[in-house]
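Peer 1: Any chance you can model this:
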Amino acid sequence: MNNADEELQEKVLERLGEDPTINVEAIEVRVRNGHISLQGSVESRDDRKWIEALVRQMPEVVDVLNYLTIEKDERREGPAEDQPTM
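Peer 2: Below is the predicted model:
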C-alpha cells in the first residue's frame, strides 16, 4: 500500500468512527489506488448500505467493494446480502 492509500485508509476509518452507530472494530478497510474494500460484519442490511454510502461520499474514493456481512437474522433474506455491491 502506498502513502496515498494509507492516508485514505485512515480517513475512511476516521469517517466511520465519527458515527456512533458504527462498530469500526468489526470492519476491515483495504485500499488500493483509491479503491476501497470493506470486510467484516454489521448488524443490519441498513448498516451495510449506510457504511458504503459514507465511504462513497469521500472525494478521494474511486470505488467501493462492499463485502460486509450481516450478523443477525436478516442474513436469511437471501444470498444477495453477502454479495459485493459496486
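Peer 1: List the residues that contact Leu54.
Peer 2: Arg15, Leu16, Asp19 (C-beta atoms under 8 Å, 6 or more residues apart in numbering). From N, CA and C alone the C-beta is placed, and that goes for glycine too.
Peer 1: what's the neighbour count on Glu52?
Peer 2: 19 (other C-beta atoms under 10 Å).
Peer 1: Not counting its own residues, what contacts the helix or strand hosting Lys11?
Peer 2: Here Lys11 sits within helix 3-17, counting by DSSP states H and E. For helix 3-17, the external contacting residues (C-beta under 8 Å, 6+ apart) are 1, 22, 24, 27, 29-34, 36, 51, 54-55, 58, 60-61.
Peer 1: Report the buried members of the residues you listed.
Peer 2: Ile22, Val24, Ile27, Val29, Val31, Ile36, Ile51, Leu54, Val55, Val61 (16 or more other C-beta atoms under 10 Å).
Peer 1: quick one: which of those residues sit in helices?
Peer 2: Residues of the buried ones among the contacts of helix 3-17 located in helices (DSSP state H): Ile51, Leu54, Val55.
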